[in-house]
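# Kindly return the folded structure for what I paste below:
(chains A and B)
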Amino acid sequence: MDRIKQIFKKGPVFVAYLTAGDGGIDHTFDAAMALINGGVNILEIGVPFTDPVADGPVIQRAAMRALESKTTLDDILSLVKKLREHTDIPLILFSYLNPILKASENGFFANAKEAGVDGILLVDCPFDEAKEIHQHCIKNHLAPIYVITPTTSLERLKHIDKHGSGFLYYACRKGTTGVRNEMPDDFVQKMREIKANVHHPVVVGFGISNKEMAAEVLQHADGFVVGSLFVKALEEKVSLDELTFKAKNLLPDKNSQQELRIE
Amino acid sequence: MSVYLKPKKGRYGEFGGVYMPEILMAPTSEMAKNWKETWKDHQFRNHFYEVLNNYAGRPTPLTEVPRFAKAINGPKIYLKREDLLHTGAHKLNNAIGQCLFAKKFGKTRIIAETGAGQHGVATAAASAFLGLPCVVYMGSVDMHRQEPNVTRMKLMGAEVVPVKSGSKTLKDAVNEALRDWSESFGNTHYCLGSVLGPHPYPEMVATFQMIIGKETKAQCIKQIGRNPDRVVACVGGGSNAIGIFSAFIDDAEVNLVGVEAGGHGVHIGEHAARFREAKTGVLHGTFTYLLQDEQGQIAHTSSISAGLDYPAVGPQHAQLYKQGRAKYITASDEEALVALKLLAKTEGIICALESAHALAYIIKIAPELNKEDVVVINLSGRGDKDLPQLMEKNLI
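Below you'll find the model as predicted:
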């Protein structure tokens, strides 16, 4: 059973990112369930890292809090196991390379699969450098997920699409993660180019923070990703009900958009 | 050029690579292409050497230090005087090279990270010299311990941005510079200060620093009539060391020694001795030896010298270590301080705390060496910047 394929077959997806261990690993579980109740149907579980160069201040601070509370990769796989008892949505580990390299010395990929992970995205491991990791993923039936950006050339895009699996993550603007109010000017044009050249589903992230942006994304892509908005809400210690509400509030209105399938 | 200095597909043996977020893959690969073309261009090279001579003050002398040698009962010791270079350290060689490179390809803004502040000062100077605006990221901890350099950068028109994330030191300054660059690469060149980062940075920085080795070799022949027996340099990222090693790598009779920061203890977090446990990993775009914990999180480092206080090492050094061509050892904070004071007293030269680590190694092994041996130490920088901090701590 391929959870990623299944979910895209059902319609557009709503992807949420959380930094694992921010507020303690149990809190991450509660927050994840709250988001799933709010309509999220793919979860990216962020592995905290000391030097998150692709992240803006919100996720940087969350990673620091998670590391201060001594979150380990084992804790994160336990979290995945526990989530698996409650949900069947795809769970993607979202990490920087070094913690995974280190853990790969001890059978990490098999452990991740066994815990219930569906895919792995490594922020600072581009396709060109991923050879071994890619092989580990394939061997253990984990989808290696790759990022594409506005600077990814057409040729490179096709190459990544050919070798990648699961879906492609379009980080739709320059710079780092963080909440923004509008989609970038080149979004529609870029998305058209991308969709015309790839076979995998494409989800769009980096800065999506309201219903209008989500709606615009869904006109052109197969799903949208919301990260910093939720991480910031947790930093501000919103209740779990409020978190669910925040997620629901991002769902485009039924009459104007294709309906997202809520599990 | 030595095979040790020529990367294959961006790697030195297994070390190096381009581990960058996807957004920076196009800018880095464009830079690699431009770099290849640039260094082949004789006009560019000549212009670079001309600026080094007429602005930076090259060549720097090779000075024999007989009183220092006598005090430690050592061999013949010569210092390559990068401390006499404009702005006070070898960093300017690279900063000038990269700023010329940036200008050639139409970049209109320069950003840099800095630890000790020497690379920041060098980049601020090179930017001012070439009329480019410059932003320097510097950890807030380092800003405090290297205050004179902050003032110098500002005087030369650079904007100094305090970095308050993570350990608030060099690696966090690199993080912040990379974040800036991932947004600004259209008009901005990131002038990285050492043989670190994704390809082509290690190659580019090493190439600009090779002038140190080239001069040293010629000076040795002229002043001593032969190659030295031993070449010693401190290693943070490793740019001054690779610069001076470069001319001797293929001369098997010359021992190459890199000296890392032993800090104040042997536990992780108390030093910056990457080769001590020699664990590999990826940080800031390159696969190399890296100080990290069992979780693969990057370790805190500690050194009295901000310039050596970094958890990773340049990929060329990783390869030289792995192949056994160079040896890497440590000197502690205390040993470095003793060496700094001794050189000042015996020879009237106040060196940077970074360079003092290289001297400290020679003090340690002096009795074992033949008195006729010739040792060249790269005195990578001068010590003025360290004095306020040492005075504040009552160490001088």
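# alpha carbons only for contacts and neighbour counts from here, please
Will do.
# mean confidence for stretch A:213-223?
What stretch A:213-223 shows for mean pLDDT is 97.
# What are the buried residues along it?
A:213-218, A:220-223 (16 or more other Cα atoms under 10 Å in any protein chain shown).
# Save those as TSV, and put in secondary structure and distance to chain B too.
What follows is the buried residues of stretch A:213-223, written out as TSV (DSSP: H, G, I helix; E, B strand; the rest coil; distance: Cα to the nearest Cα, whole Å):
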residue	secondary structure	distance to chain B
A:Met213	helix	21
A:Ala214	helix	22
A:Ala215	helix	24
A:Glu216	helix	22
A:Val217	helix	20
A:Leu218	helix	22
A:His220	helix	21
A:Ala221	coil	19
A:Asp222	coil	20
A:Gly223	strand	20
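# per-residue confidence at B:Pro148?
So B:Pro148 comes in at 89 (pLDDT).
# Quick check, pLDDT for the nearest residue to it once chain neighbours are set aside.
Sequence neighbours aside, B:Lys385 is the residue nearest to B:Pro148 in space, at 5.9 Å (criterion: Cα to Cα, 6 or more residues apart in numbering or on different chains). With respect to pLDDT, B:Lys385 scores 90.
# ok now do B:Lys385, which residues does it touch?
B:146-149, B:352 (Cα atoms under 8 Å, 6 or more residues apart in numbering or on different chains).
# what's the following helix or strand after the longest helix belonging to chain B?
If you go by DSSP state H, chain B has its longest helix at helix B:201-223. Sequence order places strand B:230-234 as the next helix or strand after helix B:201-223, per DSSP states H and E.
# Name every strand pairing with that following strand and say which way it goes.
According to DSSP bridges, strand B:230-234 has the following sheet partners: strand B:255-263 (parallel), strand B:374-379 (parallel).
# who does the longest helix of chain B touch, helix- and strand-wise?
helix B:91-104, helix B:239-245 (3 or more Cα pairs under 8 Å, 6 or more residues apart in numbering or on different chains; DSSP states H and E).
# what's the shortest one in contact with?
The reference is to helix B:239-245. Contact partners of helix B:239-245, identified using Cα under 8 Å, 6+ apart, comprise B:90-91, B:194-195, B:205-214, B:216, B:231-235, B:256, B:258, B:314, B:316-317, B:378, B:380.
# are any of these buried, and which?
For these, buried by 16+ other Cα under 10 Å: B:90-91, B:194-195, B:205-214, B:216, B:231-235, B:256, B:258, B:314, B:316-317, B:378, B:380.
# is any part of stretch A:66-80 close to chain B?
Yes - remark: stretch A:66-80 sits within contact range of chain B at A:72-73, by Cα under 8 Å from any Cα of the partner chain.
# Now do the buried residues in that stretch.
Buried, per 16+ other Cα under 10 Å, within stretch A:66-80: A:66-67, A:70-73, A:75-80.
# how distant is that stretch from the center of its chain?
Stretch A:66-80 has its average C-alpha position 17 Å from the chain's average C-alpha position, going by Cα atoms, centre = their mean, to the nearest Å.
# Equivalent analysis for stretch A:113-129, please.
On Cα atoms, centre = their mean, the centre of stretch A:113-129 falls 11 Å from the chain's centre.
# gap between the two ends of it?
Using Cα to Cα, to the nearest Å, one end of stretch A:113-129 lies 22 Å from the other.
# Likewise for stretch B:187-195?
So stretch B:187-195: terminal residues 23 Å apart, Cα to Cα.
# what's the answer for stretch B:247-261, then?
End-to-end distance (Cα to Cα), stretch B:247-261: 24 Å.
# Quick one: name the residues of the stretch 51-200 of chain A near chain B.
A:51-56, A:64, A:72-73, A:97-103, A:123-126, A:129, A:147-153, A:174-176.
# Show me where the stretch 51-200 of chain A has its helices.
A:57-68, A:73-84, A:97-103, A:108-115, A:131-139, A:154-163, A:187-197 (DSSP state H, counting those that start in this stretch).
# Identify the residue nearest B:Ala158 in space, chain neighbours excluded?
B:Cys134 (4.9 Å).
# OK, contacts around that neighbour?
B:109-112, B:123-124, B:127, B:157-159.
# How about the residues of the stretch 101-250 of chain B by chain A?
Residues of the stretch 101-250 of chain B lying near chain A (Cα under 8 Å from any Cα): B:166, B:172, B:175-176, B:178-184.
# Using a markdown table, lay out these together with distance to B:Glu277.
Formatted as a markdown table, those follow (distance: Cα to Cα, whole Å):
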| residue | distance to B:Glu277 |
| --- | --- |
| B:Gly166 | 23 |
| B:Asp172 | 23 |
| B:Asn175 | 24 |
| B:Glu176 | 28 |
| B:Leu178 | 28 |
| B:Arg179 | 30 |
| B:Asp180 | 33 |
| B:Trp181 | 32 |
| B:Ser182 | 33 |
| B:Glu183 | 36 |
| B:Ser184 | 37 |
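# Give me the subset of those residues that lies in helices.
B:172, B:175-176, B:178-184.
# just curious, which of these is nearest to A:Ala34?
Taking Cα to Cα as the measure, A:Ala34 lies nearest B:Arg179 of those, at 31.2 Å.
# For that closest one, which residues are in contact?
B:Arg179 neighbours (Cα under 8 Å, 6+ apart): A:53-56, A:175-176.
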